[in-house]
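Student: Dropping a prediction and its sequence here:
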Amino acid sequence: MVGSYPPVPGAPAAATVAAVRRAWAAGREVVVVSPRPSAAPLVLRAAGPRGIAREVARLGRRHGCDGVVLCLEPGWPLRRRSESGARSLAAALSSFRYVEVVMTGGTSTDASADWGLLAPIWRAAEPLIASSEEVAAFLRTAGALAVEVCDPFEGAGLHGPFSPAGTVPPLEHGELLLRVRARRLLGALARQLLGRRAPAVRAYIWHLASLGRRDRRTGGTAKPSERAAKPSGRRRFAWMGISYSSVVEAPLAEVFAWHTRPGALARLSPPWLPGKVVSEASSLRDGQAVLRFPGGVRWVAQHRPDGYDPPHAFVDEVTSMPFAAFGWRHAHAFRDAGGTSTRTDDEVRTPVPATVLRPMFGYRHRQLAADLASHARGRSWRTEPLTVAMTGSSGLIGSALAAFLTTGGHSVVRLVRHPPTGPGERQWDPDNPGPRLLDGVDAVVHLAGASIAGRFSERHKRAVMESRSGPTRRLAEAAAAAAEDGGGPSVFVSASAIGYYGYDRGDEILTEASSQGDGFLADVVARWEEATAPAGEAGLRVVKVRTGIVQSPRGGVLGLLYPVFLLGLGGRLGSGRQWTSWTGIDDLVDVYYRALLDPTISGPVNAVSPQPVRNDEYTATLGRVLDRPTVLAVPGFAADLALGPEGRREVAEASQRVEPTVLLAAGHHFRHPELEGALRHLLGKVVG
């Protein structure tokens, strides 16, 4: 503890002493920042907030302190020119795990000076808050872990409605005590106060501009008996990181179990980041997860046994270089939020600033909530877990679907062409599936097929056709044989495509009942769907998922467009008037999940958003999400060079206005029915 705290008369001293004792009770070593000796013996004084920032950081390192008590007294002038200095002080505070801010009322003689601070704050906040209880609610939403409202003004003669010129609401409660962790304070609250997200309260932090000058004569170190032991060692970096919380509508045990299952890391990994999951932890107690980044760099996260407390917590730390040099400790916490809800908390200790981490953790929490909600809907169709045999499990759709199924407690048997590398794989030959291939399987999902991307040469077209019709028929025959022998699958779900409707149907609204269109891809899809007939004839429920333009930065069309648009080089294709029937990758996963479980779904199903857009609208939306211009247009000859004339007509400039009639009639829930919401979620650009 830096400084000493004898009892000094007056509310400011009492509030400061109380704050310090609270810090001691919490096992925290704190530096105290106060503007004048009348409040408490001065521990830290410097010329301007930048000097204070330097001293706070220096004293914190020297004395092993992990907290700050910041005394704010009315009467401190507000100076707009010092906003940058306030930012410097905020950055210094972010190196501490514990921050307590005490607003005190001074003495009765300070009333005019008090309003030098309080009146501008209340004027700025007037559009948002009308009473101190609403202030408390606002601060909770801004990131405070705890807010206490009390009234030290009453004994000082300052309590009551003394609004200058009637412009300031009465101050019903004179002290707002915020106890917040520093990362939360600076990551969520300070940005509000500095005006980036809420201009109405930007004046709130300018009072940090004049914290006074350091008085070296009042230094010294007191060592009260109740303080905690000093942490050992020096900090190499100023820890920032993030604390992120949300409430999930699922029971505590279910939320924790979801994290223990294979696929959790894949489902939570932001798709716009270049990392790829190599292996997941076999145990949250002491397992190890590995991600691979470009250049062969690996992120190895080791789970810590001392942080494992099922179903309430687990902890992992990065142990691989170069990341270990910077440090990364991630604490996951879960607690009952009442009813069937669970509060999930992620706290990361790292020098990476919260502004960088917030999109990642926002995505993680949205993804967790949406996946759990989807699994809850699935239990209305089937309560028992499935064993699903899947081809194409390593592709864009298959990898997402497999991870989703396993986190929900289902089992996935991956049908692979290479020799199996584990118990979850079975080798299959597309030309001659083995007779025991589908033993013990409840359902089959067939996703394998050559990509249609590429120049439409005769060789490419032949590969596209042959990789679909023949293997699909033989797999359907194998499913039929297994079902007839008993113990085989009862559901056969095959990928298909909206290319069935032809490359250009104008403004015609296309449903599952619409006729086949013209073109090569329409013929491919028709034969592809016909190849599932053996499964249907054997009594299996067959679903053909006619997929639209899949949106994911990990692949597909968006995977190609994302880096181009990010460079500001994106634009419409041709005229831009062609219809784009799209679907987000997670909405597509939900369609496959429903196809597996819902006994009322069979036949062709249009897996598209209920809100198709024209290409020029798609272009403008993607540019707006990425905050990039979209003035350039891709001429037709450029598509000819890449795809050939036929490929340009059938892929680049295809126009299909498709409606998901079957899903809408079934009351299907779409996670992201609107394009902008889907893109913002997938690219980490969600506002707010």
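Tutor: That came in fine, so what should we check first? As the structure is a computational prediction, the values presented were derived from the model and not from experiment.
Student: same question for stretch 317-335, mean pLDDT?
Tutor: The average pLDDT within stretch 317-335 is 86.
Student: Counting neighbours, what do you get for P534?
Tutor: As a burial measure, P534 scores 20 neighbours (other CB atoms under 10 Å). C-betas here are computed from N, CA, C, even on glycine.
Student: That one and G603, how far apart?
Tutor: 16 Å (CB to CB, to the nearest Å).
Student: Same check on G362?
Tutor: Distance from G362 to G603, by CB to CB: 38 Å.
Student: neighbour count winner among these two?
Tutor: Comparing G362 with G603 by other CB under 10 Å, the one with more neighbours is G362, at 17 against 13.
Student: For the helix or strand harbouring that one, which helices and strands make contact with it?
Tutor: Per DSSP states H and E: G362 is located in helix 354-378. Packing contacts for helix 354-378, counted by 3 or more CB pairs under 8 Å, 6 or more residues apart in numbering; DSSP states H and E, involve strand 242-248, helix 252-260, helix 264-268, strand 342-349, helix 396-407, helix 585-597.
Student: can we see that at 7 Å?
Tutor: If contacts are counted by 3 or more CB pairs under 7 Å, 6 or more residues apart in numbering; DSSP states H and E, helix 354-378 sits against strand 242-248, helix 264-268, strand 342-349, helix 585-597.
Student: and the ones you listed as CSV, adding mean pLDDT, mean neighbour count and distance to G517?
Tutor: Output for those, formatted as CSV (pLDDT from 0 to 100; neighbours: other CB atoms under 10 Å; distance: least, CB to CB, whole Å):
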stretch, mean pLDDT, mean neighbour count, distance to G517
strand 242-248, 92, 20, 43
helix 264-268, 96, 20, 36
strand 342-349, 93, 20, 47
helix 585-597, 98, 24, 22
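Student: Now distance to V255 too, for the ones you listed, in TSV please.
Tutor: What follows is the helices and strands packed on helix 354-378, written out as TSV (distance: least, CB to CB, whole Å):
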stretch	distance to V255
strand 242-248	6
helix 264-268	11
strand 342-349	4
helix 585-597	18
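Student: Report the buried residues of the helix holding G362.
Tutor: Using 16 or more other CB atoms under 10 Å as the test for burial, helix 354-378 gives 354, 357-365, 367-375, 378.
Student: contacts for that helix?
Tutor: Defining contact as CB atoms under 7 Å, 6 or more residues apart in numbering, one finds that helix 354-378 is touched by 183, 187, 240-242, 244, 246, 248-250, 255, 258, 267-268, 270, 344, 346, 348, 404, 407-408, 586, 590, 593, 597, 669, 671, 681, 684, 686.
Student: Downstream of it, the next helix or strand is which one?
Tutor: Heading C-terminal from helix 354-378 (DSSP H and E), you reach strand 387-391.
Student: Mind giving me the packing neighbours of that next one?
Tutor: So strand 387-391, by 3+ CB pairs under 7 Å, 6+ apart, packs with helix 396-407, strand 411-416, strand 443-446.
Student: Tell me which strands it pairs with, and in which orientation.
Tutor: Within its sheet, strand 387-391 is paired with strand 411-416 (parallel), strand 443-446 (parallel), according to DSSP bridges.
Student: right, and those - which one's nearest R382?
Tutor: R382 lies closest to strand 443-446 among those, at 10.2 Å (CB to CB).
Student: what is the rounded mean pLDDT of the closest one?
Tutor: Rounded mean pLDDT across strand 443-446 is 97.
Student: Check which helices and strands the helix or strand following that strand is in contact with.
Tutor: Next along the chain after strand 443-446, taking DSSP H and E as the criterion, comes helix 458-466. Applying 3+ CB pairs under 7 Å, 6+ apart, we find helix 458-466 packed against helix 520-530.
Student: ok, now with 10 Å
Tutor: helix 520-530, helix 636-647 (3 or more CB pairs under 10 Å, 6 or more residues apart in numbering; DSSP states H and E).
Student: C-terminal to the first one, what's the next element?
Tutor: Once the chain leaves helix 520-530, the next helix or strand it forms, by DSSP H and E, is helix 533-537.
Student: Next, the buried residues of that next one.
Tutor: In helix 533-537, counting by 16+ other CB under 10 Å, buried: P534, A535.
Student: What is the subsequent helix or strand relative to that helix?
Tutor: strand 541-547.
Student: ok and that next one relative to helix 520-530, angle-wise?
Tutor: 160 degrees (axes from the mean of the first three to the mean of the last three CA atoms, to 10 degrees).
Student: nearest spatial neighbour of A483, skipping sequence neighbours?
Tutor: With sequence-adjacent residues excluded and distances taken as CB to CB, 6 or more residues apart in numbering, A483 is closest to A538, at 5.4 Å.
Student: Contacts only, for that neighbour.
Tutor: Counting by CB atoms under 10 Å, 6 or more residues apart in numbering, A538 touches A476, E477, A479, A480, A481, A482, A483, E484, G488, P489, F492.
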